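Q: Would you be able to build a 3D model of this:
(2 chains, ligands or ions: 6)
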Amino acid sequence: MSSVATETAVTIRVDDQEVAVPEGATILDACNAAGVDTPTICYGPTLTPVNVCRVCVVELDGSRALVPSCSRPAEEGMVVHTDSERVRHSRKMVLEFLATGVDLTQADELGQWAEHYGADPDRYVPGGETMNEPVRVQDNLYIRDYDKCVLCYRCVEACGDDAQHTYAISVAGRGFGARISTEFDVALPESACVYCGNCVAVCPTNALQFKTEFDLREADDWRPEDQTVTQTVCSYCGVGCNLELHVQDNQIVKCTSPDDHDVTQGNLCIKGRFGWNYV
Amino acid sequence: MADLHFGDDQPTDAERAAVDAVVPENNAATVAETERLVRGGRSRRQGLRHILLPVLHSLQHEIGWISPGGLNCAAERLGVPPAEAYGVATFYELLRTTDPGHRDDVVHVCVDPACSLAGGGELRASLDAGGAKVHASPCLGQCERAPAQFVQGVGRPDQVPADNEEDFRLPQAGDPRLRVLRRTGVVDPISLDSYREHGGYQALARAIEMGPDGVIAAISEAGLSGRGGAAFPTGIKWRAVADEPGPDKHVVANCDESEPGTFKDRIVCEHDPFSIVESMTIAGLATGAVHGWIYIRGEYPRATARLESAIAQARAAGLLGDGVSGRGQHFDIELRRGAGAYICGEETALFNSIEGFRGEPRNKPPFPTTHGLFSQPTAINNPETLINVLDIVLDGPDAYRSVGTERSPGTRLFCLSGRVAVPGLYEVPFGTTLGELLDLAGGPVGSLAAVLLGGAAGVFVGPDALDMPLTLEDAREAGATLGSGVVTVFDESVDMESVVVRIAEFFRDESCGQCVPCRVGTQRQHEVLVELQGSGQSLSPQRAELIDDMALAMVDASICGLGHTAASAVRSALALGLIGNSQ
Ligand SMILES: Cc1cc2nc3c(=O)[nH]c(=O)nc-3n(C[C@H](O)[C@H](O)[C@H](O)COP(=O)(O)O)c2cc1C
Ligand code: SF4
Ligand code: SF4
Ligand code: SF4
Ligand code: FES
Ligand code: FES
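A: Ligands and ions are numbered 1, 2, ... in the order given. The predicted structure follows:
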């Protein structure tokens, strides 16, 4: 395979701009290259696109329905509209729909997009179905609050094919009753989970969160504005994973790793992710 | 490769036996590596995962539910992560993952329109009163003999009570103009000899003479279009698969038939099963595919048995397997049963279902002709589409085009049910008007209020549409669709509000839940209609706007046809004033 092939550029039109992207890039990549901001929920830079949330849809000339920009490869000569009436409508409806059934209070970015597109979740029939799930606190490392879950599949992807290959969680049920679940909803410690926390790292709504963060929020003492982030290299083994330690009041409250780090791509193991718990 | 973790729940001996009965011997579990293919499609190594659904069926059938121990046993034998196996098991209506506490049969009773009009509610109540374990079911594909039931057996075979009483006869029996239905009710469906006596396997012989290109050219010239709903040109589909390299290609007969009001595929599978086997073999020769699959809905025990028998007889006669009919090419057919999920009729969801994954549709492109079953090139067709191939091959495109219209050549099967004198399966040339079709069935009973054309995914039309010629082009122009050939008739006595609420409920229940517009949209649409139903008021402008807003997002942004059509019947009912208008 020659490296030239991957350098081939594809030119597409995004709104009123021509942009060139490498072959294999998506419409979303082209939008980014054109400086057009696009809302995304299920897309993650380190995950294979599942294109399920549909908030990133764009209008593509010649296509009857809108297309998900996060997964659709850019093809030479495509003409894409990212801010047409139809695009704005579908994006607004996706955000509105999610807000009618899911607690998005800790999904800041989603909230901003909802405002941007004028989502109005209050115009629906009162008393409609919601996620309605209890918070699952089953260990001292992280909690699962599926009231906040938008079913973006990111945690499933991170736990499975895309990073961890543990397959501790899957989507179960169907339709509005679909939920992220272990087999028979067994508690995490009884499941295949190895507590790498990679699912926590990719969750866009805080449905999965560190127990430390959960406890501080419960105590009404979660103060991101007072937190500092320290970069360090994990010392448990010789791989050299980058860690970002989030510190509040001299206490480490959570640990992340940069998505663009070439070793981790945002992923860690239990020692790096949670080892500070015991330090 | 991952080391899979299995919990401590142990299977009982019976559960182990139920799993072993399906897992091929000496086939040690290889961990099925799953790999998301870029852009939504998936490629999978073909380990044992593709027998997950048959294994779950076996557990359900023998034990009455899928217990943690049973699931563990299945997952371990097949090398499937237990969480994923659970995700698959919970996807299907016919599989239980909670202990029913009994080993009784479950009686599924249809709650869809044709059956509720024919006393489905009373049937449910009386079965219930008699102590049966009753489960409300969407359309069971027996609308012509409503109210319908299907008995899911535990430890003994599934049953459709009506099958035992039936002395099958088509309403048009003996009509020399029948094409697709020519043999239905005439040929002995369990005898290959009888099929041959009625002209069976002449088309395969002719197809071998014509060669792949000749067959595909004839189908294209005949203008055959898909009968499963989307009316895609069959010649183009087969050409695309034929053009893909290699023999690892598939032909799939989509017998999942679950569109409310549709029962045609059940009838042809039950009464003319060899025609499906023969036409699939022709499809295999024409496209160069060596793998054939029949995916049949789980509630069709008789059709399943007859297709299995037809496959076995054809294989024994050398008409399937190595060197079909003395030709070098291998072609064989495997049958898979669905387990209660309308969405698995959508072609890419069907592939996932066979592969042992949740029946979630894939984003298109890529299309099945290049990335179908197991991510390999696949031609998937409806049984009615396939049977049409036989006449095209035998009689040529010109003869085929001698009935029908220029743009809709040939004939079409229609499933008539509801308030019509003689419900049943009819075959008429394209271009026959809706009124003529109803007359053929003895006309409406009572004063005609509306006809649901194309099923839940279709639209309501009023009495003024009786003059509409039933062609693809006229339907499109009228903003309607022929879909899978559903014609459900309603008269003035019918409470249309409850019919429409039920249609909305159907979509809510059957959405796979993958994409937001459909998962939430179908739920909220149902809530708006329930609110309207109880109110005794007209639909407010705010609610009308909300319905339109939701519909547009579902049409524009959903992944698959379920979401795209989930609002169409509802909106047509509003536009016709069938509901929403309290005066
Ligand atoms: C929700 C949904 C359900 C479907 N169910 C069926 C079905 O039961 N049988 C069928 O033949 N096609 C069904 N289809 C259409 C298939 O996706 C596909 O188009 C068809 O099988 C192709 O065959 P044809 O070209 O012969 O019509 C369904 C589509 C959708 C969106
Ligand atoms: S912590 Fe790691 S192993 Fe556990 S569910 Fe999350 S991604 Fe999977
Ligand atoms: S838990 Fe978070 S990452 Fe997982 S599906 Fe829900 S919102 Fe997405
Ligand atoms: S449109 Fe509905 S059925 Fe189709 S993929 Fe989306 S959620 Fe599933
Ligand atoms: S971000 Fe593209 S579909 Fe979710
Ligand atoms: S079987 Fe009841 S409506 Fe089809």
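Q: What is the neighbour count of residue 235?
A: All of this is about chain A. Neighbours of residue A:235 under the rule other C-beta atoms under 10 Å in any protein chain shown: 12. C-beta coordinates here come from the backbone N, C-alpha and C atoms, glycine included.
Q: look at chain B instead
A: 22.
Q: State the helix or strand in which it lies.
A: Counting by DSSP states H and E, the element that carries residue B:235 is helix B:234-242.
Q: In that helix, which residues are buried?
A: B:234, B:235, B:237, B:238, B:239, B:240, B:241, B:242 (16 or more other C-beta atoms under 10 Å in any protein chain shown).
Q: Out of those residues, the closest to residue B:348 would be?
A: For the buried residues of helix B:234-242, the closest approach to residue B:348 (C-beta to C-beta) belongs to residue B:237, at 14.0 Å.
Q: in the sheet, who's paired with the nearest residue in space to the closest one that is not next to it in sequence?
A: Nearest residue to residue B:237 in three dimensions, chain neighbours excluded: residue B:379, at 5.6 Å (C-beta to C-beta, 6 or more residues apart in numbering or on different chains). Partner residues in beta bridges with residue B:379, using DSSP bridges, are residue B:251.
Q: Contacts only, for residue B:379.
A: Shown in contact with residue B:379 (C-beta atoms under 8 Å, 6 or more residues apart in numbering or on different chains): B:237-238, B:241, B:249-252, B:283, B:287, B:289, B:368-369, B:372.
Q: Show me the domain layout of chain A.
A: Domain assignment of chain A by automatic domain parsing yields the ranges A:1-130, A:135-274.
Q: what about whatever residue of chain B ends up closest to ligand 2, distance to residue B:4?
A: Of all residues in chain B, residue B:83 sits closest to ligand 2, at 8.9 Å by C-beta to the nearest ligand atom. Distance of residue B:83 to residue B:4, computed by C-beta to C-beta, to the nearest Å: 10 Å.
Q: Distance check, whatever residue of the stretch 101-250 of chain A ends up closest to ligand 4 against residue B:483.
A: Ligand 4 sits closest to residue A:175 of the stretch 101-250 of chain A, with a gap of 7.5 Å, by C-beta to the nearest ligand atom. Remark: distance between residue A:175 and residue B:483 (C-beta to C-beta) = 21 Å.
Q: And for residue B:190?
A: If you go by C-beta to C-beta, the gap between residue B:190 and residue B:483 works out to 31 Å.
Q: Can you tell me the element the residue of chain B closest to ligand 2 falls in?
A: With DSSP H and E as the criterion, the answer for residue B:83 is helix B:82-89.
Q: Give me the contact status of that helix with ligand 3.
A: No - shown here: helix B:82-89 not in contact with ligand 3 (C-beta under 6 Å from any ligand atom), separated by at least 12.6 Å.
Q: who's more crowded, residue B:83 and residue B:4?
A: residue B:83 (31 against 19).
Q: Quick check: chain neighbours aside, which residue is closest to the more buried one?
A: Nearest to residue B:83 is residue A:170, by C-beta to C-beta, 6+ apart, at 4.2 Å.
Q: I'd assumed residue A:156 was in contact with that neighbour.
A: Yes - counting by C-beta atoms under 8 Å, residue A:170 touches residue A:156, with 5.9 Å between them.
Q: Report the set of residues contacting both of the two.
A: Common neighbours of residue A:170 and residue A:156 (C-beta under 8 Å, 6+ apart) are residue A:180.
Q: more neighbours, residue B:190 and residue B:483?
A: Neighbours per residue (other C-beta under 10 Å) separate residue B:190 from residue B:483, with residue B:483 holding more: 26 against 14.
Q: count of neighbours near residue B:197?
A: Neighbour number of residue B:197 under other C-beta under 10 Å is 11.
Q: quick one, what contacts it?
A: residue B:187.
Q: next one: residue B:400
A: B:222, B:224, B:388, B:391, B:392, B:409, B:410.
Q: if you set the cut-off to 10 Å instead, what comes out?
A: B:179, B:218-219, B:221-224, B:388-389, B:391-394, B:409-411 (C-beta atoms under 10 Å, 6 or more residues apart in numbering or on different chains).
Q: Counting only strands, which of these make the cut?
A: residue B:411 (DSSP state E).
Q: So which of the contacts of residue B:400 sit within helices?
A: B:218, B:219, B:221, B:222, B:388, B:389, B:391, B:392, B:393, B:394 (DSSP state H).
Q: Can you report phi and psi for the residue at minimal distance from the centre of chain A?
A: Most central in chain A under C-alpha atoms, centre = their mean is residue A:204, positioned 4.0 Å from the mean C-alpha point. Main-chain dihedrals, residue A:204, degrees, to the nearest 10: phi -90, psi 0.
Q: just the strands in the stretch 101-250 of chain B please.
A: B:106-110, B:133-137, B:149-152, B:250-255 (DSSP state E, counting those that start in this stretch).
Q: Of those, which is nearest residue A:122?
A: Using C-beta to C-beta, the strands of the stretch 101-250 of chain B put strand B:133-137 closest to residue A:122, at 32.6 Å.
Q: Tell me which strands the closest one pairs with, and in which orientation.
A: Strand pairing (DSSP bridges) places strand B:133-137 next to strand B:106-110 (parallel).
Q: if we can go back for a sec, closest to residue B:265 out of the buried residues of helix B:234-242?
A: Nearest to residue B:265 among those, with distances taken as C-beta to C-beta, is residue B:234, at 16.1 Å.
Q: ok, how many other residues are close to residue B:80?
A: So residue B:80, with other C-beta under 10 Å, has 29 neighbours.
Q: Please apply the same query to residue B:302.
A: 19.
Q: got the buried residues for the helix or strand hosting it?
A: Using DSSP H and E, residue B:302 falls within helix B:301-316. Across helix B:301-316, burial judged by 16+ other C-beta under 10 Å covers B:301, B:302, B:303, B:304, B:305, B:306, B:307, B:309, B:310, B:311, B:313, B:314.
Q: List just the nearest of those to ligand 3.
A: residue B:304 (36.3 Å).
Q: Which residue is the nearest non-sequential neighbour of the closest one?
A: residue B:296 (5.4 Å).
Q: And residue A:248, by the same measure?
A: residue A:227 (4.6 Å).
Q: For that neighbour, give me the pLDDT.
A: pLDDT, residue A:227: 96.
Q: again with the one 3 residues further on
A: We note a pLDDT of 93 for residue A:230 in this prediction.
Q: Report the secondary structure state of it.
A: strand (DSSP: H, G, I helix; E, B strand; the rest coil).
Q: how far away is it from residue B:305?
A: 68 Å.
Q: how many neighbours does the residue nearest to residue B:304 have?
A: Neighbour tally, residue B:296, other C-beta under 10 Å: 25.
Q: Test my guess that it contacts residue B:253.
A: Yes - at 8.3 Å, residue B:296 and residue B:253 qualify as touching, with contact defined as C-beta atoms under 10 Å.
Q: Mutual contacts of those two, please.
A: By C-beta under 10 Å, 6+ apart, the residues touching both residue B:296 and residue B:253 are B:265, B:269, B:276, B:307, B:335, B:383.
Q: so what's the fourth one closest to, chain neighbours aside?
A: Right, the one you point to is residue B:307. residue B:273 (4.8 Å).
Q: Count the residues that sit near that neighbour.
A: 27.
Q: Mind putting the domains of chain A into TSV with distance to ligand 2?
A: What follows is the domains of chain A, written out as TSV (distance: least, C-beta to the nearest ligand atom, whole Å):
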stretch	distance to ligand 2
domain A:1-130	12
domain A:135-274	3
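Q: quick one: which of those is nearest ligand 5?
A: domain A:1-130 (3.2 Å).
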